[in-house]
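In: Sequence and computational prediction follow.
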Amino acid sequence: MLDWSSPRAKLLAWYDAHARDLPWRRTRDPYAIWVSEVMLQQTRVETVIPYYTRFLARFPSALALADAPLDDVLAHWSGLGYYRRARLLHEGARAVVRDHGGQLPREPAQRRALPGIGAYTAGAIGSIAFDLPEPIVDGNVARVLTRVLDIDSPLGDRATERALWSAAAALAEGERPGALNQALMELGARVCVPVNARCGGCPLADVCAANKLGRVDELPVAAAKKPPKPVQLVALVARSRDGKLWLARSEGSLFGGLWGCPLSQGAGRKAASLLGESSGLSGRLSRAMLGSVTHVLTHRALTVDVFGLQNAEGAEHENLKRLADSELSTLGIATLTRKILAAAARRVAT
Ligand code: SF4
């Protein structure tokens, strides 16, 4: 077992000298740190910064977020992707207001019981906002620790996860656990990078097993990846006589809660006709597809047959509305919907 006292001190000294000045590092507000950590999951720092700033300006507290309609939250998330994160953050804020008087709880078990807060996010909030010795393991931390400890079982394996969390817990025990955790993430993001790691400038070079053994490029061993599952969908670009677009709020796990063109599983004109009926829309269905769109999500590869519905009529309700194209930016619109609209517009233009 590695004695972490010297690596800890070196990591902290390196972080104090090299940490980037990021907006969420200028606060100890648990809510703001929570928002930043959720946004940073699967998303690059540079992308997150403007979203974080706008989100905090519009929803400055858990109370403000809990009070806001979901559509407003999704609109502020629009373009950041992985919308489930926004819905869970909104749900989490409501639970914080309902059960904890609007303040994120200091007690780790209470934090982990909140919607959308797993071990990583709970640890990030606990260590950074409350300075509690709670570990975190994300992709960057996992890369650093597998290399330092020469862990060559695949990421995602139970044994690997156990070893990583136990090492991260040992590291977090000591002064400034929040800074220490951020130092580990920062090192993984900027020095111990996946390819061409900069071991020459690394504060852990003298204790790093992979560096000593010449195995840096072999680690970490990636988890076996499943190819995304193909899913066939049909979409309707339905426009009323005055050219407004009919939008439906989707259900299910793919885009749950987001507004977009009516969408369902299926292929071809028959499926498009059924989709119009089930969406409560009638009109003139295009004879042929306007286009086909492909879109790859983490676990799904979507192919979408796009049909048009002209002179579309229906009755607006909470999950169906009619908007001018210029009003689309007021809603959380998924990238897939933008692709569908672009495919239809290309067909109209030709
Ligand atoms: S010495 Fe190299 S491989 Fe080891 S932690 Fe530092 S950058 Fe990563």
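Out: On my side now, so go ahead. Residues are numbered from 1 along each chain as shown.

In: From here on, just use CA atoms for contacts and neighbour counts.
Out: Fine.

In: for the ligand, what are the nearby residues on this protein?
Out: Within reach of the ligand by C-alpha under 6 Å from any ligand atom, the chain has these residues: 144, 147-148, 191-192, 197-199, 202, 204-205, 208, 210-211, 216.

In: let's see 8 Å
Out: 143-145, 147-148, 187-188, 191-193, 197-211, 216 (C-alpha under 8 Å from any ligand atom).

In: Of those, grab the buried ones for ChimeraX.
Out: Only the buried entries of the residues of the chain next to the ligand go into this ChimeraX selection, using 16 or more other C-alpha atoms under 10 Å:
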select :143,144,145,147,148,187,188,191,192,193,197,199,202,203,204,205,207,208,209,210,211,216
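
In: Now L341: closest residue in space that isn't a chain neighbour?
Out: V237 (7.0 Å; C-alpha to C-alpha, 6 or more residues apart in numbering).

In: got it, and I117?
Out: Closest to I117 by C-alpha to C-alpha, 6+ apart is R111, at 6.9 Å.

In: Parallel or antiparallel, which strands does the longest strand belonging to the chain pair with?
Out: If you go by DSSP state E, the chain has its longest strand at strand 300-313. In the sheet, strand 300-313 lines up against strand 229-238 (parallel), strand 282-285 (antiparallel), strand 291-296 (antiparallel) (DSSP bridges).

In: Now do the second one: distance to the chain's middle.
Out: On the basis of C-alpha atoms, centre = their mean, to the nearest Å, the separation between the geometric centre of strand 282-285 and that of its chain is 37 Å.

In: cool, stretch 12-20 as well?
Out: With C-alpha atoms, centre = their mean, you get 27 Å for stretch 12-20.

In: hang on, the earlier thing: am I right that the residue nearest to L341 is in contact with K244?
Out: No - counting by C-alpha atoms under 8 Å, V237 stays clear of K244, with 10.3 Å between them.

In: Contact partners for the residue nearest to L341?
Out: For V237, the contacting residues are 245-246, 261-262, 306-309, 340-341, 344, by C-alpha atoms under 8 Å, 6 or more residues apart in numbering.

In: Apply 10 Å and report the result again.
Out: V237 sits next to 245-247, 260-263, 276, 285-286, 290, 306-310, 312, 337, 340-341, 343-345 when contact means C-alpha atoms under 10 Å, 6 or more residues apart in numbering.

In: Thanks again, I'm all set now.
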